[in-house]
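Trainee: sharing a model prediction with you, sequence too.
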Amino acid sequence: MVKMHKIIGFAPSLLQIVMNNQVEVPVRQSGGIYLKNMVAHSWRDPTYNLKHTPGKVMPFHIHEQDCAVLRDTIVDAASIISKKAAEGLRALVLDVKYGSGAFMKEFDEARDTAQLLVNTSKGMGISTAALVTNMDSPIGRAVGNALEVAESIACLRGEGAPDLVELGCRQMATALHDGSALDKFQQMLESQGVSQQSARQLCRGDPWSVLTKADHVESVPATATGYVSNIDAMTVAQVCLSLGAGRRKAADTVDHRVGVTLAVRPGERVQAGQAWAQRKEEDRDESLRLPGAASNKSR
């Protein structure tokens, strides 16, 4: 089973499973994630043979035949949309990011990608719209897996950070205020195999009775008094990666407990020595102090 992905025709067959409405949602979503990772890490490099060192074992690459099939039937947009389609959606609102903390740095590139995503989704019968929003600073106050889940649930309850609530309201104002968005999220959790009790506790009770917390919390003090002019999203993301919130390579394990929470937002005043952020970590690491992540203007 471990080597099944090496069989010629495996990747196109997996794509067919992901796009099949008759297959159960959890299976299709898992297939979509597996296919995305397979393409990301094993797509054939046409120059690899020129760079390969004789005597070393060549890593697995998707067969040229499968690459041709995938290239003809799926683009990056379809890889993204397929995971959405696997949930059986009839309508979809996308948030496409650009800026220092996003994969796309420029607005024009994000706008073109958003249009491609919308066209692809509509071609699959899903009514779709897209927002293009800036990611120079983190959205909300939480960065990290479990931390962002908890903050998203707070937002669905109408208790989120103002900028996160504003983004949500632009997408689904009525559903956010009348509780139907939270009901739908609970339904989605249950459809993906989360027990009814856990889903209800996450959405209606204390999320941290289901989510796991990091053992250590380290405050990050401001070095000067003034107004926060910027919090660099990429620097915060890199610290979270070093804490274990993401992967540097495919084999890495993700620690869902760790991350960063922000006590202030751009435009807010902070005193020297006041905690402007907190690191949630498993082992204290004095080297991860968010150097240069925040800048302020003294007033």
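Mentor: Received, thanks.

Trainee: any idea of the pLDDT on the closest residue to S127 other than its chain neighbours?
Mentor: Excluding its sequence neighbours, the residue lying closest to S127 (C-beta to C-beta, 6 or more residues apart in numbering) is A91, at 4.5 Å. Backbone N, C-alpha and C define where each C-beta goes, glycine included. You'll see A91 listed with a pLDDT of 83.

Trainee: in this structure, which spans are strands?
Mentor: 91-98, 127-134, 142-143, 216-221, 226-231, 259-262, 269-270, 275-281, 294-297 (DSSP state E).

Trainee: what's the spacing between the residue nearest to S127 and I80?
Mentor: From A91 across to I80, the span is 16 Å (C-beta to C-beta, to the nearest Å).

Trainee: those two: which has the busier surroundings?
Mentor: I80 (19 against 10; other C-beta atoms under 10 Å).

Trainee: can you name the residues that contact G99?
Mentor: By C-beta atoms under 8 Å, 6 or more residues apart in numbering, G99 lies in contact with K105, N134, M135, D136, A233.

Trainee: nearest to D255 among the residues you listed?
Mentor: Proximity of the contacts of G99 to D255 (C-beta to C-beta) peaks at A233, which lies at 20.0 Å.

Trainee: run a quick neighbour tally on the closest residue to the closest one other than its chain neighbours.
Mentor: Nearest residue to A233, sequence neighbours excluded (C-beta to C-beta, 6+ apart): G101, at 2.4 Å. Neighbour count of G101, defined by other C-beta under 10 Å: 22.

Trainee: what residues does G101 make contact with?
Mentor: M135, D136, S137, P138, D232, A233, M234, V236, A237.

Trainee: so for it, what's the pLDDT?
Mentor: G101 carries a pLDDT value of 87.

Trainee: ramachandran angles for it?
Mentor: phi -100, psi 10 (degrees, to the nearest 10).

Trainee: so which residue is dead centre in the chain?
Mentor: Per C-alpha atoms, centre = their mean, the C-alpha nearest to the average position across the chain is that of N145, at 8.5 Å.

Trainee: lowest-confidence one in the contacts of G99?
Mentor: K105 (87).

Trainee: show me what contacts W276?
Mentor: Contacts of W276 by C-beta under 8 Å, 6+ apart are V220, P221, A222, V228, L262, A263, V264, V270, A294.

Trainee: closest to A129 out of these?
Mentor: Out of those, the member with the shortest distance to A129 (by C-beta to C-beta) is L262, at 28.7 Å.

Trainee: got a list of what the closest one touches?
Mentor: P138, G140, R141, A142, V143, I231, W276, A277.

Trainee: what's the closest non-adjacent residue to the last one?
Mentor: Spelled out, it's A277. V220 (4.3 Å).

Trainee: how far away is that neighbour from V270?
Mentor: For V220, the distance to V270 equals 11 Å [C-beta to C-beta].

Trainee: if we can go back for a sec, just the buried members of the contacts of G99?
Mentor: M135, D136, A233 (16 or more other C-beta atoms under 10 Å).

Trainee: tell me which of these fall in helices.
Mentor: A233 (DSSP state H).

Trainee: switch the buried ones among the contacts of G99 over to CSV; also include distance to Q196.
Mentor: CSV is the format used below for those (distance: C-beta to C-beta, whole Å):
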residue, distance to Q196
M135, 35
D136, 40
A233, 36
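
Trainee: just the pLDDT for P54.
Mentor: 58.

Trainee: same check on L117?
Mentor: Taking L117 on its own, its pLDDT is 81.

Trainee: same check on V264?
Mentor: pLDDT, V264: 92.

Trainee: ok, now which ones touch it?
Mentor: Contacts of V264 (C-beta under 8 Å, 6+ apart): V228, V270, W276, A277, A294.

Trainee: find the nearest non-adjacent residue to the second one, please.
Mentor: Residue nearest to V270 in three dimensions, not counting chain neighbours: A222, with 4.5 Å by C-beta to C-beta, 6+ apart.
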